[in-house]
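>>> Attaching a predicted model along with its sequence, questions to come.
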Amino acid sequence: MPDLSVLIVNWNVRDLLRRCLRSVLVNSPSCQLEIIVVDNGSTDGSVEMVRTEFPQVLLIANPDNRGFPAANNQGLAVARGRYVLLLNPDTEVVGNALETMIAFADAHPDVGVVGPQLLNPDGTIQSSRRRFPTLATAIFESTWLQPYAPRRLLTRYYVLDRPDGEIQDVDWVTGAALMARREAIEQVGPLDEGFFMYSEELDWCRRFRDAGWRVVYLPTAQVVHYGGKSSEQVLPARHIHFQASKIRYFRKYHGAPAARILQAVIVGNYLWQIGVEGAKWLLGHKRPMRAERISAYRRVVRALCTRAD
């Protein structure tokens with residue numbers, strides 16, 4: 001049985017995927033490793049690149065984009081490792097990060113999930129650990145209202161009240177690099193495919209925590225994360241999936257009334273922005289860009305108003 005199954009879901013980021021795979025292979029000299037790439041219908045030559053340059057990788061090539069949780073679950077179904085690392089293709093493993101994560105988990109059998117410290121490309125620390133969101137958090141976080149949020153609210157959510165260099169138990173870690181113990185996965189089940197992308201790792205970590213497993217942020221292991229390179233290719237869809245997943249999470253764990261409140265606030269945010277962009281369009285300011293944004297925000301509003309989970 002391998003020590004670690006590295007599971008990478010790819011969509012049209014061939015060159016970043018190549019760098020990611022090289023970093024995994026170069027920086028895991030003493031790990032018994034298997035690497036699984038699930039490609040979600042890429043059209044940029046990713047599948048051919050993996051087949052040609054990385055024949056040791058197990059490749060699952062989907063004909064279309066099945067979404068992040070569903071594709072990860074395909075990999076989980078064939079993974080054989082004692083641990084499984086969900087790793088974004090826009091990442092690079094630093095040094096002995098994989099060995100450090102495995103050693104920590106081996107020494108702490110009550111730990112179900114380990115998240116490394118994520119770094120920005122310039123070497124600065126990227127926020128990757130969180131507390132569970134409250135409704136107030138969700139209303140402000142990642143919306144146009146965020147600059148007006150009470151400082152304490154987001155300080156608590158982003159765990160800014162604890163040192164970046166401290167090993168610590170957290171509620172959840174972001175899914176760019178998340179290692180889970182096989183026994184824990186077998187207990188809580190795979191990722192929830194009701195999330196197409198976004199919030200699936202929040203949901204998964206909550207299920208691990210509810211089952212009694214610890215979730216640990218481990219800054220002694222580091223991974224560089226370039227961030228959002230797949231989703232940047234389809235910005236309206238990115239908005240739709242992000243906001244719909246947030247609403248779905250609150251419906252699942254806080255009930256329909258909380259989800260409806262959140263939905264109303266988010267839709268109101270987009271309607272306000274449509275108004276702002278429309279006013280700027282009327283004033284003749286960068287009209288093509290304003291028109292594009294108005295069209296995108298209308299798509300988001302329509303999707304959020306009609307979507308039911």
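Yep, that arrived. If you're wondering where the values come from, they're calculated on a predicted model, not measured in any experiment.

>>> Flag every buried residue along the longest strand seen in the chain.
Among the segments of the chain that qualify as a strand by DSSP state E, the longest is strand 214-225. Under the neighbour-count criterion of 16 or more other C-beta atoms under 10 Å, strand 214-225 has 214, 215, 216, 217, 218, 219, 221, 222, 223, 224, 225 buried. (Each C-beta comes from the backbone N, C-alpha and C, glycine too.)

>>> Same check on stretch 246-263?
246-252, 254, 258-259, 261-263.

>>> next helix or strand past the host helix or strand of residue 247?
Taking DSSP states H and E as the criterion, the element that holds residue 247 is helix 235-254. Downstream of helix 235-254, the next assigned helix or strand under DSSP H and E is helix 256-282.

>>> you'd agree residue 245 is up against residue 192?
No - with contact defined as C-beta atoms under 8 Å, residue 245 does not reach residue 192; the gap is 9.9 Å.

>>> between the two, what contacts are shared?
Counting by C-beta atoms under 8 Å, 6 or more residues apart in numbering, the common neighbours of residue 245 and residue 192 are residue 200.

>>> neighbour-wise, which of these two wins?
Neighbours per residue, other C-beta atoms under 10 Å: of residue 245 and residue 192, the larger number sits with residue 245, 22 against 18.

>>> mind listing what that one touches?
Per C-beta under 8 Å, 6+ apart, neighbours of residue 245: 195, 196, 197, 198, 199, 200.

>>> how many other residues sit next to residue 2?
Neighbour count of residue 2, defined by other C-beta under 10 Å: 16.

>>> Need the three-state assignment for it.
Of the three states, residue 2 takes coil under DSSP: H, G, I helix; E, B strand; the rest coil.

>>> can you tell me which residues contact the residue positioned nearest the centre of the chain?
For the chain, the residue nearest the mean C-alpha position is residue 175 (3.8 Å; C-alpha atoms, centre = their mean). The contact partners of residue 175, by C-beta under 8 Å, 6+ apart, come to 68, 86, 88, 200, 201.

>>> For the second one, which three-state class applies?
Three states are possible here, and by three-state DSSP the one that applies to residue 86 is strand.

>>> what pLDDT does it get?
If you check residue 86, the pLDDT there is 98.

>>> Run a quick neighbour tally on the nearest residue to it once chain neighbours are set aside.
Distance criterion C-beta to C-beta, 6 or more residues apart in numbering; nearest residue to residue 86, sequence neighbours excluded, is residue 178 at 4.7 Å. By the measure other C-beta under 10 Å, the count of residues near residue 178 is 24.

>>> quick revisit: in the buried residues of strand 214-225, find the pair that's most separated.
214 and 224 (25.3 Å; C-beta to C-beta).

>>> Neighbour count added to the contacts of residue 175, as a markdown table?
Below are these laid out as a markdown table (neighbours: other C-beta atoms under 10 Å):
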| residue | neighbour count |
| --- | --- |
| 68 | 26 |
| 86 | 25 |
| 88 | 26 |
| 200 | 25 |
| 201 | 24 |
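
>>> from those residues, which is closest to residue 268?
Closest to residue 268, out of all of those and judged by C-beta to C-beta, is residue 200, at 25.6 Å.

>>> Distance-wise, check that closest one relative to residue 152.
Applying C-beta to C-beta, to the nearest Å, the value for residue 200 to residue 152 is 28 Å.

>>> can you check residue 110 too?
Using C-beta to C-beta, residue 110 is found at 31 Å from residue 152.

>>> again, but for residue 199
Distance from residue 199 to residue 152, counting by C-beta to C-beta: 23 Å.

>>> do residue 82 as well
From residue 82 to residue 152 the distance is 40 Å (C-beta to C-beta).

>>> Please identify which of those two sits among more neighbours.
Between residue 82 and residue 152, residue 82 has the larger neighbour count (other C-beta under 10 Å), namely 16 against 10.

>>> surely that one meets residue 31?
No - between residue 82 and residue 31 there is no contact under C-beta under 8 Å: 10.6 Å.

>>> what touches both of these two?
2, 3, 4, 102.

>>> ok so, going back, out of the contacts of residue 245, which is nearest to residue 271?
residue 198 (21.4 Å).
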